[in-house]
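Undergrad: Fold the following, please.
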Amino acid sequence: MSRFDKYDPVSGGFRAPLNAAIASADVGKIQGVSVNTSGKVVIGGSAETAIEGVICPIRAMAAGEIIDVMTSGEIVEATYTVGTAFTAGAAAFVTGTTGVVNITSGAGTKKIGRLVELDRMVVRVPAATIL
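TA: Numbering: from 1, shown residues only. Model (predicted):
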């Protein structure tokens, strides 16, 4: 199960309430997120430019609960959920509209980091263009 390892809550991300509940099936999944006009965390976004960070919930969570959003840090036991398997040295991308994290780039994706080992991802999410 993927989880945050090296994370500085002061400079490595931010906290915000969830717009929708996190189901138990999504626990441990690395997902790209944006912030909606109500200031709540939404999985995915209107486009890849809206992605502001990643989440990796360690338990099921209700809508409105506060969650950490990583913009800079490391995730260990990183596993992919859809698409091409993670490989050491590969760049990590998020699909803007779905929030899916993968190693496949292309239209509608944003680079968010790199896998420095098979299961360790260094996250450096560039600032969203809406800031």
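
Undergrad: how close does the spatially most central residue of the chain get to V116?
TA: Note on the chain: the residue nearest the mean C-alpha position is V54, at 2.0 Å, using Cα atoms, centre = their mean. In this view, V54 and V116 are 16 Å apart by Cβ to Cβ, to the nearest Å. Quick note: C-beta positions are derived from backbone N, CA and C, even for glycine.

Undergrad: Show me what the longest strand anywhere in the chain is packed up against.
TA: The residue-count maximum for a strand in the chain (DSSP state E) belongs to strand 109-117. Applying 3 or more Cβ pairs under 8 Å, 6 or more residues apart in numbering; DSSP states H and E, one finds that strand 109-117 makes contact with strand 91-95, strand 120-124.

Undergrad: just these: most buried one?
TA: strand 91-95 (a mean of 23; mean count of other Cβ atoms under 10 Å).

Undergrad: who's in contact with that strand?
TA: For strand 91-95, contacts defined as Cβ atoms under 8 Å, 6 or more residues apart in numbering pick out 31-32, 44, 48, 51, 54, 86, 100-106, 108-115, 121, 123.

Undergrad: Please list only the buried members of those.
TA: 31-32, 44, 48, 51, 54, 86, 100-103, 109-110, 112-115, 121, 123 (16 or more other Cβ atoms under 10 Å).

Undergrad: Now do the strands for this structure: every range, in order, please.
TA: Secondary structure of the chain, counting by DSSP E: strands at 3-7, 13-17, 31-35, 41-43, 53-55, 66-70, 72-76, 91-95, 101-102, 109-117, 120-124.

Undergrad: Using a markdown table, please lay out those together with distance to A25 and mean pLDDT.
TA: Formatted as a markdown table, the entries for the strands of the chain read as follows, by distance: least, Cβ to Cβ, whole Å; pLDDT from 0 to 100:
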| stretch | distance to A25 | mean pLDDT |
| --- | --- | --- |
| strand 3-7 | 16 | 83 |
| strand 13-17 | 21 | 94 |
| strand 31-35 | 12 | 95 |
| strand 41-43 | 13 | 96 |
| strand 53-55 | 15 | 96 |
| strand 66-70 | 16 | 95 |
| strand 72-76 | 19 | 94 |
| strand 91-95 | 18 | 94 |
| strand 101-102 | 16 | 92 |
| strand 109-117 | 22 | 94 |
| strand 120-124 | 21 | 94 |
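
Undergrad: Okay then, goodbye and thanks.
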